[in-house]
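S.K.: Give the three-dimensional model of this entry:
(one chain, ligands or ions: 3)
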Amino acid sequence: MLAAKQWVQLFLGGLVYYLCARLGMLLFSLHPSNVTLLWLASGIGLILVLRVGGLALPVIFFASLLANFPGMRHEGALWQSWHVLIAAAADTVSALVAARFLNWQLPDGLQRAIDLARFSFYVCFLPTAIGALLIVLNLAWGGYIASADAPGLLRNLILADSLGILLIYPLYQAWPAQLPHGREWGWVLAALLFCGVLLVLDLTGFSGWFYFILPGLLFLVFRVRAGGVYLTLLLIVAAIVALSARNLGPFRVFTPEEAHFRLLSFVFTTTLVSLSLALKYHQLLQADASVEHWHRAALHDPLTGLLNRGGFAPLLASEHQRVVRSLRPSVLVLIDLDHFKKINDRYGHPEGDRVLQTMAQVLSTQLRDIDRPARVGGEEFAILFPESTAAQVVLVLERVRQHLAAHPLRLGGEAVTVTFSAGVVEFAGGSESVEQLFEAADRSLYEAKAGGRNRSVTATLSRNEKPGDFVRAASSLARRT
Ligand code: GH3
Ligand code: MG
Ligand code: MG
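M.R.: Numbering: from 1, shown residues only. Ligands and ions are numbered 1, 2, ... in the order given. Model (predicted):
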C-alpha cells in the first residue's frame, strides 16, 4: 500500500505531467504542423515511475489522454478516442522503459560526465524511440499525417521527448542538494540576463549573437552548483523553442547574409566551448594525478621506495582479517640491521643510506611477489609473508642472509657484510590483535639481538591462552660471521 505522501505525489505528478504536456502543445508546437519541439512530460513521466513505481503508469496514461484529446480532434468520435488511447499508451510505455533502463544501466543515476553517453542512449533515445514509433504509426494510420512526413516526424519526436528527459531528470536529481547557494544565485540571474539580452538582440535583427549563450552557460558551469546550470538550461531552452515555434528568435527563417554570421558565431562558440572543456578535463586529470602522487608518497618511504609504517599497517590489518576467515597462516617478520650505528660512524651517513637501499633491494628481489617488505623505522624493516609458516619464512630469511654474505658491500673501499636480526611471528586466526603481533615480533627480535645477533627467533602465539600470552620457541639458527 502507498503511504498518503505517495498518493499526494502521484496526484501532483499527474497534474504536472498534464500541464507539461499541454505546455508542450501550446507553447512548443510548430504551426500549422502541430509538431511539438519540446516534450518535458517525458522527463516528468520517468520521475513519476522512479518515485512510485507501477502505480504511476495509469496516472501517466490518464494525464496523457487528457492532454492529447484536444490536439487530436477529428471527424469520427470513435476513431479519435482510439488514436488518443494509443498515443497515451505510447507515452506510458516510454516512461516505463526509460525508468527500467535507467535502473539497469545507471542504478546510481547520472553521476559522471562519462555516463552521459549511456544515459542519452538507454534512457533518452531507446525509450522515446519506442514511444515515438508507436505515435507516428498511429498518426499515419489515423490519417493525421501523410506517410511521407512520418520519418521527419519520428526524428523530431525522438529529439523532443529525449530533450524533455535530458532537461528534467538531472534537475530532479540535483534537487535540492546541488541547488546554488547564496551568491551563486547571482550568477544564475546574470546568466539568464545575458541570455535574455542576446535573445533581444536576436529579435531586433542582430541574429547570430545568440550562439554566445554557449560560452555563457559554460562560464556558469564553472561558477555554480550543477542544479543552477540545469535550471538555467531548462528556462533558456524553453524560451528558444517557444520563440522558434512562432518563427521568431534565433532559428527563424533567415537571409543568406545572416546565415554566414550565424555559421561563424556557431563555429566560434563551439570551438570556445570545446577548448574550455578540454582544458578543464586536462586540469582534472592533473589534479587526479597529483592526489594519486601524494597518496603514494604518504604511504611509501622516499629513501628505499618500500612501504612505510603507515602503508604497512593497513596491509597487515587486512591480512590479519583474511587469515581469520581462511585459517591459512601468514607470517610477520621484524628485521633490525646489526650494529648499524657503526656503519654510519665509520663510513658516514650517506653510505649508511646506501646500505638501507641495498637491503631494500635485496628484500624485494629475494622474496616472492606476494610478500610485502616495508621500512618501518630507521634501519628496521617489517615483512608480511601471506600464506606461509614460520618454518618456511625462517628458511627464506636464511636465504637472504646467504645472499648478503655472498655479496659484501663496498663501503669506503672496504668489503662489508651486513647482517640482521629478525623476530618471526606466525598467525592463523587466533584472538591476538595486530598490535599484539607487532609486540610478539618485537620481543623475538630483542631475543635475537640478545642471543648474539645475525639470527631469527620465532614467537609462537598460544591459541589456548589469553591474548597477549605468548609461548616463545626460540629457534636460533647457526650463526655465521
Ligand atoms: P643493533 O645491532 O643493536 O641494532 O645496533 P645498532 O647500531 O643497529 O643500533 P640501533 O638499531 O639502535 O641503531 C640504529 C641506527 O640507525 C641509529 C641511527 O643513526 C641509524 N639510522 C636511523 N635512520 C637512518 C637513516 O635513515 N639513514 C642512516 N644512514 N642511518 C640511520
Ligand atoms: Mg634499530
Ligand atoms: Mg640495528
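
S.K.: Can you pull up the residues of the stretch 251-400 of the chain that come close to ligand 1?
M.R.: 336-341, 344, 349, 352-353, 356, 378-379 (C-beta under 6 Å from any ligand atom). Any C-beta I mention is one placed from the backbone N, CA and C, and that applies to glycine too.

S.K.: What distance do you get for residue 222 to residue 420?
M.R.: 56 Å (C-beta to C-beta, to the nearest Å).

S.K.: quick one: low-confidence parts of this structure?
M.R.: 1, 71-80, 462-481 (pLDDT under 70).

S.K.: So for it, which residue is the most central one in space?
M.R.: Centroid check for the chain by C-alpha atoms, centre = their mean gives residue 112 as the closest residue, at 5.9 Å.

S.K.: Surely that one is in a helix?
M.R.: No: under DSSP: H, G, I helix; E, B strand; the rest coil, residue 112 falls outside any helix and is assigned coil.

S.K.: hang on, residue 44 packs against residue 13?
M.R.: Yes: if you go by C-beta atoms under 8 Å, residue 44 and residue 13 touch, sitting 6.7 Å apart.

S.K.: need the contact list for residue 356.
M.R.: Shown in contact with residue 356 (C-beta atoms under 8 Å, 6 or more residues apart in numbering): 303-304, 337, 375, 379.

S.K.: From ligand 3, how far out is it?
M.R.: Distance from residue 356 to ligand 3, counting by C-beta to the ion, to the nearest Å: 11 Å.

S.K.: Assign a three-state SS to that residue, would you?
M.R.: helix.

S.K.: Looking at residue 222 and residue 420, which is more packed in?
M.R.: residue 420 (24 against 10; other C-beta atoms under 10 Å).

S.K.: In a helix, residue 415, correct?
M.R.: No: going by three-state DSSP, the assignment for residue 415 is strand, not a helix.

S.K.: In the stretch 101-250 of the chain, which residue sits closest to ligand 3?
M.R.: residue 112 (50.1 Å; C-beta to the ion).

S.K.: What's the local residue count around residue 268?
M.R.: Number of residues near residue 268 (other C-beta under 10 Å) recorded here: 15.

S.K.: In contact with the residue nearest to it when sequence neighbours are not counted: list those residues for me.
M.R.: Leaving aside its sequence neighbours, residue 268 sits nearest to residue 211 (C-beta to C-beta, 6 or more residues apart in numbering; 7.5 Å). Contacts here follow C-beta under 8 Å, 6+ apart; on that basis residue 211 touches 250, 262, 265-266, 268-270.

S.K.: Looking at those, spot the one nearest ligand 1.
M.R.: Distance to ligand 1, by C-beta to the nearest ligand atom, is smallest for residue 270 among the contacts of residue 211, at 56.5 Å.

S.K.: surely residue 383 meets residue 375?
M.R.: No: Residue 383 is beyond contact range of residue 375, at 10.5 Å (criterion: C-beta under 8 Å).

S.K.: Nothing else from me, thank you.
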